[in-house]
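Sequence plus predicted model, see below.
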Amino acid sequence: MSDSFRIFDIAGSAMAAQSARLNTVASNLANAESINSDPAKVYKPLLPVFQAVQMGAPGEFGAAGETTVGVQVSSIVQSQTPPERRYEPGHPLADADGYVYAPAVNPVEEMVNMISAARSYQSSVEVLNTSKDLMMRTLNLGK
């Protein structure tokens, strides 16, 4: 693939990673208020793990030894933060001691993650659009 088009692969990989991040945030927010009487069965927040990946052979992009690097989600892991314990003896899901357990989801942190992921995604879209415009202008130079 031409060096000029590699930018589309890089920006596309960033968009895919941020899309996965947005999906985990949406899942965490959707389950933020779910409760259970058993702490082992409470929803565990999801966290994407990003990883840099080589997207071409060494020396294929730029000077000898350089490679094009993109990003991918290597895995989605569950948070190990213990669930929140709430004393609600009248709740139908309360255990024998009157406690219910809620996921360790902080809605404010999740909203910050969502805004950050959305802006990162938007930045990658701008990179794609700018690259496309530059390539179109380059093609039109000879006209």
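Happy to help now that I have it.

Any stretches of this structure with poor pLDDT?
Where the chain drops to pLDDT under 70, the residues are 1-3, 56-68.

Tell me where the longest helix sits in it.
Longest helix in the chain by number of residues (criterion: DSSP state H): helix 107-139.

what kind of secondary structure is the most centrally placed residue in the chain in?
Central residue of the chain (CA atoms, centre = their mean): Arg21, 1.7 Å from the mean position. Here Arg21 is helix, with the state taken from DSSP: H, G, I helix; E, B strand; the rest coil.

Run a quick neighbour tally on the nearest residue to it once chain neighbours are set aside.
Using CB to CB, 6 or more residues apart in numbering and skipping the chain neighbours, the partner closest in space to Arg21 is Ala117 (4.2 Å). Quick note: C-beta positions are derived from backbone N, CA and C, even for glycine. With neighbours defined by other CB atoms under 10 Å, the count for Ala117 comes to 20.

returning to what we had before: any idea how far Ala118 is from the residue nearest to the centre of the chain?
Remark: distance between Arg21 and Ala118 (CB to CB, to the nearest Å) = 9 Å.

repeat for Asp133
Asp133 is 23 Å from Ala118, by CB to CB.

before we move on, the earlier item: tell me who's in contact with the residue nearest to the centre of the chain.
Pro48, Val73, Asn113, Ala117 (CB atoms under 8 Å, 6 or more residues apart in numbering).

In stretch 128-140, which residues are buried?
Leu128, Ser131 (16 or more other CB atoms under 10 Å).

could I get that stretch in PDB with only the CA atoms?
C-alpha atoms of stretch 128-140 as PDB (Å, rounded to 0.1, in the frame of the first residue of the first chain):
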ATOM      1  CA  LEU A 128      -9.400  11.500   7.500                       C
ATOM      2  CA  ASN A 129     -11.200  14.500   6.000                       C
ATOM      3  CA  THR A 130      -8.100  16.600   5.900                       C
ATOM      4  CA  SER A 131      -6.000  13.800   4.300                       C
ATOM      5  CA  LYS A 132      -8.700  13.300   1.700                       C
ATOM      6  CA  ASP A 133      -8.800  17.000   0.900                       C
ATOM      7  CA  LEU A 134      -5.000  17.200   0.600                       C
ATOM      8  CA  MET A 135      -5.000  14.200  -1.700                       C
ATOM      9  CA  MET A 136      -7.800  15.600  -3.900                       C
ATOM     10  CA  ARG A 137      -5.900  19.000  -4.200                       C
ATOM     11  CA  THR A 138      -2.700  17.100  -5.100                       C
ATOM     12  CA  LEU A 139      -4.600  15.300  -7.900                       C
ATOM     13  CA  ASN A 140      -6.000  18.500  -9.200                       C
END
